[in-house]
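Enquirer: Following is a predicted model, sequence given first.
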Amino acid sequence: MLKIIKIAAGSVAAILLADALGLNYSTSAGIVTLLTIQDTTKETIAISIKRIVAFLLAAVLAYVVFHLVGYRVLSYGIFLFLFIACCRPLGLSNAVSTNAVLVTHYLAKKDMSLPTIGNEAMLLCIGAGIGTLLNLYMPGKIKEIRTMQRTLEEDLRNVLFRMSEYIKKEDKSDYTGECFEKLSSDVSTGKKQAFAYMNNTFFQESEYYIAYMNMREQQCSVLQEIYKKIVSIRKIPPQAEQISVFIHEISVSFGEYNNARALLEALSELLSQMKDSPLPVTREEFEERAILYSILMDLERFLKLKKNFVDALTEEQIRRYWQQDKVL
């Protein structure tokens, strides 16, 4: 809705300004504004720059073609062929339509004097300028991203809590992977929000949110692997109770501000205890114990993803995005 309002208001403002300056074909300024406003601030600025470059190229080509062939419809066709052929390899294809319209004004007036070219340049600058200025304002998405972070953390807590319960149960008939559907959907939404924020901001760091969402996505993949292993356990070894307690501990202390160091230390201690346990007697017991060990390795990977994320943060990012009293 905001984009529609910007397009409507910006187009009207561009036409009125062009009229006030006494420019010919003032309605074209409104069309330029309409075509300039994109979904993100950076896209809008990029397309405005491309249109200015393309305008210079169009002016040169149109001048050559019209002076050699004359101001005819055929000449316009030749110009379009050459203009599009030049714009494609230069990455200016999305600037073709705007400048093609402006060149029709040269054809209609049968004139490419400096005042006429200046008129078209002013139309382009007014339309692109107003469109760019309007799109510099993008409502802050921080609140949405922070809300999604909390949602993701709650999703992950729920997944971990269920794991802590079912790893010690033989009957897993009602243990499905449905919880991962919401988690995966929320991770995807969070990444889109983070990238949208990055494309709409210049003066604030946005890498933090992208790195955070990537970390959660990787953790989600690890948990899906753990889920498959838990489901494959048929006879529950005694060590499953210890691992259940540890997974529950992760779910309880889980959060953005947990650096995972204490949990990694607890995991190391748990691995030592498992090594000191009596060796398995039967092949079945050996296989089930091997699955548990593999789950612990996955949990270590899960926690290290968070630790690596925290270790990569700058002091400025920690100051800006973390509440220091919550760092664990």
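Expert: Now that the structure is in, tell me what you want to look at.

Enquirer: Show the contacting residues for K50.
Expert: K50 is in contact with G91, L92, N94, A95, counting by CB atoms under 8 Å, 6 or more residues apart in numbering. C-beta here means a position set from N, CA and C on the backbone, and glycine is covered the same way.

Enquirer: Report the residue spans of the stretch 1-150 of the chain with pLDDT below the cut-off.
Expert: Across the stretch 1-150 of the chain, the ranges flagged by pLDDT under 70 are 1-2, 39, 136-140.

Enquirer: May I see the buried residues of stretch 310-327?
Expert: V310, L313, Y321, W322 (16 or more other CB atoms under 10 Å).

Enquirer: I'd like to know which of these are part of helices.
Expert: V310, Y321 (DSSP state H).

Enquirer: Tell me the backbone dihedrals of the residue nearest the centre of the chain, please.
Expert: The C-alpha lying nearest the average C-alpha coordinate of the chain belongs to F195 (CA atoms, centre = their mean; 2.3 Å). Note on F195: backbone dihedrals following degrees, to the nearest 10 are phi -70, psi -40.

Enquirer: ditto for T147
Expert: phi -60, psi -40.

Enquirer: Now for A194: which residues touch it?
Expert: Neighbours of A194 in contact, by CB under 8 Å, 6+ apart: I145, S206, Y209, I210, Y212, M213.

Enquirer: Which residue is the nearest non-sequential neighbour of it?
Expert: The shortest distance from A194 to any non-neighbouring residue, by CB to CB, 6 or more residues apart in numbering, is to Y209 (4.0 Å).

Enquirer: Against V252, how distant is the one you found?
Expert: Distance of Y209 to V252, computed by CB to CB, to the nearest Å: 25 Å.

Enquirer: Not counting sequence-adjacent ones, nearest residue to R162?
Expert: Per CB to CB, 6+ apart, closest to R162 is C179, 6.4 Å.

Enquirer: List the buried residues in the host helix or strand of that neighbour.
Expert: Remark: C179 resides in helix 178-198, with elements defined by DSSP states H and E. Of all the residues in helix 178-198, those buried under the rule 16+ other CB under 10 Å are 179-180, 183-184, 186-187, 189-191, 193-194, 196-198.

Enquirer: hang on, the earlier thing: buried among the contacts of A194? Need that as a selection in ChimeraX.
Expert: Restricted to buried positions by 16+ other CB under 10 Å, the ChimeraX selection for the contacts of A194 reads:
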select :145,206,209,210,212,213
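
Enquirer: quick check, nearest of the contacts of A194 to C86?
Expert: Set against C86, the nearest of those by CB to CB is S206 (34.7 Å).

Enquirer: which residues of the chain fall in helices?
Expert: 2-20, 27-36, 41-69, 73-90, 96-109, 114-135, 142-166, 178-198, 207-232, 239-253, 261-275, 283-311, 315-321.

Enquirer: Tell me which of these sits most buried.
Expert: helix 27-36 (a mean of 23; mean count of other CB atoms under 10 Å).

Enquirer: So what touches that one?
Expert: 7, 10-15, 17-18, 23, 44, 47-48, 51, 97-98, 101-102, 105, 123-124, 126-128, 130-132, 134-135.

Enquirer: Just the CA trace of that helix, in PDB.
Expert: The C-alpha coordinates for helix 27-36 follow below in PDB (Å, rounded to 0.1, in the frame of the first residue of the first chain):
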ATOM      1  CA  THR A  27       3.400  14.200 -18.000                       C
ATOM      2  CA  SER A  28       6.400  12.100 -18.900                       C
ATOM      3  CA  ALA A  29       8.000  13.200 -15.600                       C
ATOM      4  CA  GLY A  30       5.200  11.400 -13.800                       C
ATOM      5  CA  ILE A  31       5.800   8.200 -15.900                       C
ATOM      6  CA  VAL A  32       9.500   8.300 -15.000                       C
ATOM      7  CA  THR A  33       8.600   8.600 -11.300                       C
ATOM      8  CA  LEU A  34       6.200   5.600 -11.600                       C
ATOM      9  CA  LEU A  35       8.900   3.500 -13.200                       C
ATOM     10  CA  THR A  36      11.600   4.600 -10.800                       C
END
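
Enquirer: Perfect, that will be all.
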